[in-house]
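Asker: with the input below, show me the fold.
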Amino acid sequence: MATEPPQGFRTSGEEPRGTRLVLVRHGEAHCNVAGIVGGPLGCTGLTDRGREQAVALADRLARTREFDDVAALYSSVLARAKETAALVAQSLPLSRVDEDCDLCELHPGRADAMDWDEMIATFGGPDWDRDPAQPFAPEGESWTGFYDRCVGAFLRLSEAHPGELVILFVHGGVIEQAMKLAMGASPAARLRLRTEHCSMTEIEFDAGQVRLLRYNDRAPRAVTAR
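Answerer: Residues are numbered from 1 along each chain as shown. Next up is the predicted model:
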């Protein structure tokens, strides 16, 4: 007698066999707190709290050793992601982090380093519910263009590391595109997720299928005196 339900009903199974991409959102950044559009100019790295979040994740990984089989580390080129990668990598067996601009948050174009009020007053802001192909700002990226860039990066990296574990230090928007890919959602979809800083999202690429293994998994924040 069969002990497992048929495919399509099964909610558990074998250990992952494909390429696993673990997407780590950066810690809290100065641009997040100040309401600044955080492109290459606007991003000035992590706050003290953001560094605390990254250290908490590093401490977890040092205890659990859950990524001791990691094959490669990649980061967005933005300061908040690079700083997070440097802190978390201290608990991993690899220290080299390769930078990849395709892992960046949505390219803001000429809105970079503006505060949100200035951005809206100057450029109006895109209406992606009406037109997801509209640029964020002049010389910036559209919502669907962002999806295409991110998915291209995921596929490229999964093909470069067949059957391996790869950790990517990225951004909330990048994680949303990964979730859309795993869910089979439209490139134009807007999930409006609440992805926590220094949380981990994991997807598997296996024989043409994309599976979501976890979302928004994060280490408990250290309790410190205030």
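Asker: can you give me the neighbour number for G184?
Answerer: 8 (other CB atoms under 10 Å). (C-beta placed from N, C-alpha, C; glycine too.)
Asker: please give me every residue in contact with it.
Answerer: If you count contacts by CB atoms under 8 Å, 6 or more residues apart in numbering, G184 has none.
Asker: give me the pLDDT for it.
Answerer: Note on G184: pLDDT of 97.
Asker: quick one: it and T195, what's the gap?
Answerer: 19 Å (CB to CB, to the nearest Å).
Asker: kindly report the same for V55.
Answerer: The value you get for V55 to T195, if CB to CB is used, is 19 Å.
Asker: ok, residues contacting the helix or strand containing F146?
Answerer: Secondary structure assigned from DSSP states H and E places F146 in helix 143-160. With CB under 8 Å, 6+ apart as the test, helix 143-160 has contacts from 18-19, 21, 72, 74, 100, 102-103, 106-107, 126, 128, 132-134, 141, 166, 168, 173-174, 177-178, 180-181, 187-188, 190, 203, 205.
Asker: and T44, which of the three is it?
Answerer: Following DSSP: H, G, I helix; E, B strand; the rest coil, we place T44 in the coil state.
Asker: residues contacting it?
Answerer: Contacts of T44 (CB under 8 Å, 6+ apart): A29, H30, C31, A79.
Asker: dump the residues you listed into TSV; add distance to M119 and secondary structure as well.
Answerer: Shown next, in TSV, are these (distance: CB to CB, whole Å; DSSP: H, G, I helix; E, B strand; the rest coil):
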residue	distance to M119	secondary structure
A29	17	strand
H30	17	helix
C31	12	helix
A79	20	helix
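Asker: closest to A113 out of these?
Answerer: Each of the contacts of T44 was scored against A113 by CB to CB, and C31 proved nearest at 8.5 Å.
Asker: okay then, goodbye and thanks.
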